[in-house]
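**Student:** I'll drop the sequence and a predicted model, then ask my questions.
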Amino acid sequence: MKNSKIKYLPSVLILIFLIFISTNLISKDTNEFYDPARDSLSYLSLAESIDKYNKFERLEYLGQGTETIRTPIYPLLLSLFLNNLKTIILIQSLLHVCSSLILLHMVKKITSQFVSVFVFFLFLFNPVLVSISQLLITESISIFLLSTSLYVLLEKNNKFLFCLICGILPLVRPAFIVVAFGFLIFMKVFNKDLSLKKFIVLSLLLILPSLGWTIRNYLQTDMFIFSSLSSMNLLEETASGIMSINEDFEGGETIFEIINIEYEERRKWSQILRNEVNLGDLSRVIANAPGPNPHIVTSEYQKYALNVIKDNKIELVVLGSRSLIYVLFEPGDHLVEYVFKVDNLTLYRYVFTFLNLFIILLSYKNIIQSTFNNKKIDTLILFYLLLLTPLLLLSTPHARFGSILIFFHLLFFSKEVSKKPYFQR
């Protein structure tokens, strides 16, 4: 009887979630769904150009330049619902529910019903995940695609659909190019019995979407570039973060002061480094970046950033360590406060941090033990590392960026908990 009641609990939780989200959806104006960093505005600008002029250019730069920062899928989706953007928020909320159900299904295979429903609850009502589902940004659709790709690979053993989804991911967020090419590199390692024919087909599924977009950019810019974002972030996030840490070292600051990310300090160094880049007569990408033609400056940005990184290796290690802490443990209270108009979240920060610490510790215990016991990195761990690595280069990471890892953490957590006899399936 007890198990029977637990069985229906996910349906009850989904109903509660949908009622809560519907209330939030109805009570807000459309502009309240823009994210704090205003990335939503760039996506909407592209969506309006697609809708009105059938062009993938920001509306404010129409006819003046070429868009090489964003990739097309999310602006295309927005362009279908410009007259009612709340529909997108509803879709994202439903995708979050779908991701939760995928997690529930996968966890039920490895642990008890009680643990699987508990993990389902933690994911469905995770304050960070719920908050990002209520903003016009790419995270919710990204997490859905990531969870679906894991499901089709680990549960259905469908390598073709898995590679197709991984190939599409960079067209949602450029940073996912690491995932697509990471699996391309390691495919033979994890599939030693893979025939040459299957290897070629899977490779094409992984690289063709990104290659197609790169060709589009080449035809419009004469530059072989997938996205300008990576080069810009290398200077404005990684190199500026390194210089901020270097300044902290020289100033004799304590380890806690160095670990603490001060946005204004990083922003100051971002501007300094931009001004030091040798651009000749080219106009600079400053203040309201990226400007109409970001691709023009990315090559010099990248060269200068790599020189900074090469000359400050210790600071790079500190930056990566600091970013890991923030990516894993940032409670996202600023997101919750912004989205749901609540304040005094001190108790929330303590509870979230404690619970997250518990989940992360067990997750990493499972990753380390699994790797040592099997003497190799399995596909799930590789996927996780490919997602994590680019985040370690960010000077100012926060909960929004780390949200794509939560599904993985709960999977690893469930695997570790399932080792206990009481929680076995």
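**Tutor:** Cool, the structure landed.
**Student:** who does whichever strand or helix holds residue 257 touch, helix- and strand-wise?
**Tutor:** Element membership of residue 257, judged by DSSP states H and E, is helix 255-259. In this structure, helix 255-259 makes packing contacts with helix 240-250, helix 313-329, judged by 3 or more Cβ pairs under 8 Å, 6 or more residues apart in numbering; DSSP states H and E. (Each C-beta comes from the backbone N, C-alpha and C, glycine too.)
**Student:** got the buried residues for the longest one?
**Tutor:** To tie it back to what came earlier, the one meant is helix 313-329. By neighbour count on 16 or more other Cβ atoms under 10 Å, the buried set for helix 313-329 is 315-316, 318-320, 322-323, 326-328.
**Student:** So which elements touch the helix or strand that contains residue 402?
**Tutor:** Per DSSP H and E, residue 402 falls inside helix 399-402. Under the contact criterion of 3+ Cβ pairs under 8 Å, 6+ apart, helix 399-402 touches helix 127-133, helix 313-329, helix 333-340.
**Student:** Could you check the angle the very next helix or strand once past the last one makes with helix 333-340?
**Tutor:** Spelled out, that is helix 333-340. Next along the chain after helix 333-340, taking DSSP H and E as the criterion, comes helix 346-374. Put simply, helix 346-374 runs at 120 degrees to helix 333-340, going by axes from the mean of the first three to the mean of the last three Cα atoms, to 10 degrees.
**Student:** What separation do you get for residue 273 and residue 236?
**Tutor:** For residue 273, the distance to residue 236 (Cβ to Cβ, to the nearest Å) stands at 8 Å.
**Student:** ditto for residue 378
**Tutor:** In terms of Cβ to Cβ, residue 378 sits 35 Å off from residue 236.
**Student:** more crowded one of those two?
**Tutor:** residue 236 (24 against 14; other Cβ atoms under 10 Å).
**Student:** per-residue pLDDT, that one?
**Tutor:** pLDDT recorded at residue 236 is 88.
**Student:** Ok, residue 171 next?
**Tutor:** pLDDT at residue 171 comes out at 98.
**Student:** residue contacts, it?
**Tutor:** By Cβ atoms under 8 Å, 6 or more residues apart in numbering, residue 171 lies in contact with 71-73, 209-210, 213.
**Student:** So which of those is surrounded by the most neighbours?
**Tutor:** Most surrounded of those: other Cβ under 10 Å gives residue 71, at 28 neighbours.
**Student:** returning to that earlier point: which pair in the buried residues of helix 313-329 spans the largest distance?
**Tutor:** Using Cβ to Cβ, the pair of the buried residues of helix 313-329 lying farthest apart is 315 and 328, separated by 20.5 Å.
**Student:** Check the secondary structure at residue 291 for me.
**Tutor:** coil (DSSP: H, G, I helix; E, B strand; the rest coil).
**Student:** Which parts of the stretch 51-200 of the chain are helices?
**Tutor:** 73-79, 86-108, 113-124, 127-133, 139-150, 159-168, 177-190, 196-221 (DSSP state H, counting those that start in this stretch).
**Student:** Can you flag the weakest of the ones you listed by average pLDDT?
**Tutor:** Looking at the helices of the stretch 51-200 of the chain, the bottom one is helix 177-190 with a mean of 88.
**Student:** packing partners for it?
**Tutor:** So helix 177-190, by 3+ Cβ pairs under 8 Å, 6+ apart, packs with helix 159-168, helix 196-221, helix 379-391.
**Student:** if you set the cut-off to 10 Å instead, what comes out?
**Tutor:** helix 139-150, helix 159-168, helix 196-221, helix 229-233, helix 379-391 (3 or more Cβ pairs under 10 Å, 6 or more residues apart in numbering; DSSP states H and E).
**Student:** Identify the residues contacting the fourth one?
**Tutor:** This means helix 229-233. Contact with helix 229-233 is made by 68-71, 173-175, 177-178, 225, 227, 236, 239-240, 270, 274, 285, 289-290, 294-295, 297-306, 390, 393-395, as judged by Cβ atoms under 10 Å, 6 or more residues apart in numbering.
**Student:** Give me the buried stretch members for it, please.
**Tutor:** 229-233.
**Student:** picking up where we left off before, right, and the helices and strands packed on helix 255-259 - which one's nearest residue 22?
**Tutor:** Nearest of those (Cβ to Cβ): helix 313-329, 31.3 Å.
**Student:** From the contact counts, what lies against the closest one?
**Tutor:** Contacts defined by 3+ Cβ pairs under 10 Å, 6+ apart place helix 313-329 against helix 240-250, helix 255-259, helix 295-311, helix 346-374, helix 379-391, helix 399-402.
**Student:** Figure out which of the ones you listed is closest to residue 120.
**Tutor:** Nearest to residue 120, of those and by Cβ to Cβ, is helix 346-374 at 13.8 Å.
**Student:** Tell me what angle the closest one forms with helix 313-329.
**Tutor:** With the same axes, to 10 degrees defining the directions, helix 346-374 sits at 110 degrees from helix 313-329.
**Student:** quick one: helix 346-374 to helix 113-124, angle?
**Tutor:** 120 degrees.
**Student:** quick one: helix 346-374 to helix 379-391, angle?
**Tutor:** Using the same axes, to 10 degrees: helix 346-374 against helix 379-391 is 130 degrees.
**Student:** Which positions in helix 346-374 come out as buried?
**Tutor:** Of all the residues in helix 346-374, those buried under the rule 16+ other Cβ under 10 Å are 348, 352, 356, 359-360, 362-363, 366-367, 370.
**Student:** Spatially, which two of those are the most separated?
**Tutor:** 348 and 370 (32.0 Å).
**Student:** for the stretch 251-400 of the chain, what are the low-confidence residue spans?
**Tutor:** 280-290 (pLDDT under 70).
**Student:** how about residue 294, what does it touch?
**Tutor:** Residue 294 sits in contact with 65-69, 221, 225, 227-229, 231-232, 285, 301, where contact means Cβ under 10 Å, 6+ apart.
**Student:** Of the residues you listed, which one scores lowest on pLDDT?
**Tutor:** Minimum pLDDT across the contacts of residue 294 falls on residue 285, with 47.
**Student:** ok, now how distant is residue 398 from residue 413?
**Tutor:** 22 Å.
**Student:** Have a look at the two and say which one is more surrounded.
**Tutor:** residue 413 (24 against 20).
**Student:** so how far is residue 110 from that one?
**Tutor:** Distance, residue 413 to residue 110, by Cβ to Cβ: 11 Å.
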